[in-house]
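J.: quick one: sequence and predicted model below, then my questions.
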Amino acid sequence: MELISGLPEDVARDCLIRIPYEQFPAVASVCKGWNTEIHSPDFHRRRRTTKQAQEILVTVQSNIDSEKTRTGLLAKSTTNPVYRLSVFEPKTGSWSELPLGPELAFGLPMFCRIAGVGFDLVVMGGWDPDSWKASNSVFIYNFLSAKWRRGADMPGGPRTFFACASDQNNQTVYVAGGHDEEKNALRSVLAYDVARDLWVPLPDMSRERDECKAVFRRGALCVVGGYCTEMQGRFERSAEVFDVATWKWGPVEEEFMDAAACPRTFVDGGDGAMYMCCGGDVVALQGDTWRNVAKVPGEIRNVACVGVWEGAMLVIGSSGFGEPHVGFVLDLKSWAWTKLVSPEEYTGHVQSGCLLEI
């Protein structure tokens with residue numbers, strides 16, 4: 001059976017890889033051939049190699065109460081915020097919201113972490129929005145079917161404020177550090193094979209790391225900063241790297257960061273450099289040297305989320321507690337900022353985010 005009647009197979013496939021990701025579920029339901037094609041391993045590869053893949057930033061963002069925003073009562077609200085998944089497409093500047101599954105009908109767990117692998121978005125851990133009890137649950141949203149499924153729970157019990165990073169090629173999510181229900185900082189690291197729904201323990205890190213940050217680059221998991229149980233909020237500058245090929249941790253680099261600070265904005269630039277926001281500056285690590293490359297826009301005093309794609313960095317944050325969250329894009333060549341146009345309903349508090357290439 002032809003994919004598209006009257007067209008050669010290669011031309012038909014060229015048409016299908018140009019479909020926007022939002023239309024994947026509808027296209028897959030047209031016929032068996034289209035469903036098979038869109039779910040084939042080569043489909044994602046062809047979209048990437050032909051530059052048809054779409055970059056999107058998914059954030060864990062609170063719902064906005066428009067009335068409180070207009071009357072200035074947002075910062076004085078005593079009710080617990082309800083978090084959802086917001087999606088921003090840098091190329092088009094459009095915003096949208098992902099539907100939540102039945103088990104998440106009352107909102108995402110507070111302080112949950114998210115990571116993208118292939119066509120899947122993985123939501124891990126966090127606090128139950130009603131009981132505030134820590135969870136080790138895993139939920140997975142598939143962009144091809146627009147459906148949720150439950151993943152295997154994180155082993156070892158609930159952990160909070162852990163780092164996570166994904167390896168798009170191997171369909172693996174890594175979880176590192178954080179703390180347990182007794183607020184003991186953790187050294188343990190886990191790898192989650194999303195396709196097989198299987199968790200595998202990695203060798204422990206050299207030290208406890210609560211509120212650390214992780215990135216996956218060049219075949220290795222890099223875990224940055226954090227603090228041990230006794231230090232409680234006093235961040236350190238160190239980092240350590242796990243080589244997946246050798247299954248070993250390298251030596252700890254004690255002075256990896258230029259300053260002791262929360263590393264949540266630390267990201268891999270994909271251009272050989274790594275970036276983070278620190279003390280009102282955007283700083284870049286190139287080789288062994290950190291340097292200031294830009295000032296964070298004055299409208300952002302608290303940076304909540306940073307994402308980097310080809311030649312650009314997105315920074316989302318607010319001017320203060322309870323204030324609307326706004327976004328700016330930094331051109332990594334000219335170092336010029338452009339403010340995003342954000343509809344009011346997408347200016348809620350952002351807890352975390354991740355970039356996906358779909």
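T.: The structure has been received and is ready for your questions. Keep in mind that what you see is a predicted model, and the values were worked out from it rather than measured. Numbers count the residues shown, from 1 in each chain.
J.: contacts, neighbours, all on C-alpha from now
T.: Noted.
J.: gap between Phe242 and Val223?
T.: 8 Å (CA to CA, to the nearest Å).
J.: okay, these two: which has more neighbours?
T.: A direct count of neighbours by other CA atoms under 10 Å for Phe242 and Val223 places Val223 higher, at 25 against 21.
J.: for the more buried one, pull up the helix or strand it's in.
T.: Assessed by DSSP states H and E, Val223 sits inside strand 220-224.
J.: the very next helix or strand once past that strand - contacts with which helices or strands?
T.: For strand 220-224, the succeeding helix or strand toward the C-terminus, using DSSP H and E, is strand 239-243. The contact analysis (3 or more CA pairs under 8 Å, 6 or more residues apart in numbering; DSSP states H and E) places strand 239-243 against strand 220-224, strand 248-249.
J.: in a markdown table: these, plus mean pLDDT and distance to Lys147.
T.: Shown next, in a markdown table, are these (pLDDT from 0 to 100; distance: least, CA to CA, whole Å):
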| stretch | mean pLDDT | distance to Lys147 |
| --- | --- | --- |
| strand 220-224 | 97 | 29 |
| strand 248-249 | 98 | 36 |
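J.: redo those strands as CSV? Include distance to Lys183.
T.: Below are the helices and strands packed on strand 239-243 laid out as CSV (distance: least, CA to CA, whole Å):
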stretch, distance to Lys183
strand 220-224, 19
strand 248-249, 25
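J.: could you list the domains of this structure?
T.: 9-46, 55-260+340-357 (automatic domain parsing).
J.: Ala134 contacts Cys112, doesn't it?
T.: No. Counting by CA atoms under 8 Å, Ala134 stays clear of Cys112, with 9.6 Å between them.
J.: so those two - more neighbours on which side?
T.: Cys112 (24 against 21).
J.: now the more buried one: closest residue in space, sequence neighbours ignored.
T.: Gly126 (3.8 Å; CA to CA, 6 or more residues apart in numbering).
J.: so that neighbour touches Ile114, yeah?
T.: No. Applying CA under 8 Å as the test, Gly126 and Ile114 come out as separate, 10.2 Å apart.
J.: now the common contact residues for the two.
T.: Overlap of the contact sets of Gly126 and Ile114 (by CA atoms under 8 Å, 6 or more residues apart in numbering) is empty.
J.: in its sheet, what does the helix or strand containing Ala214 sit against?
T.: Per DSSP H and E: Ala214 is located in strand 213-217. Within its sheet, strand 213-217 is paired with strand 220-224 (antiparallel), according to DSSP bridges.
J.: what does the strand it pairs with contact?
T.: Outside strand 220-224, the residues that reach it (CA under 8 Å, 6+ apart) are 163, 165, 174, 176, 212-216, 237-244, 263.
J.: which among these end up buried?
T.: 163, 165, 174, 176, 212-216, 237-242, 263 (16 or more other CA atoms under 10 Å).
J.: what comes up buried for stretch 19-38?
T.: Phe24, Pro25, Val27, Ala28, Trp34, Asn35, Glu37, Ile38.
J.: model confidence over it, on average?
T.: Taken as a whole, stretch 19-38 carries a mean pLDDT of 82.
J.: that one: end-to-end distance?
T.: End-to-end for stretch 19-38, by CA to CA: 10 Å.
J.: kindly report the same for stretch 166-185.
T.: End-to-end distance (CA to CA), stretch 166-185: 22 Å.
J.: check stretch 43-60 too.
T.: 28 Å.
J.: now it: how far from the chain's centre is it?
T.: 15 Å (CA atoms, centre = their mean, to the nearest Å).
J.: hmm, who's touching it?
T.: 17-18, 20-21, 37, 83-91, 108, 118, 307, 309, 350-358.
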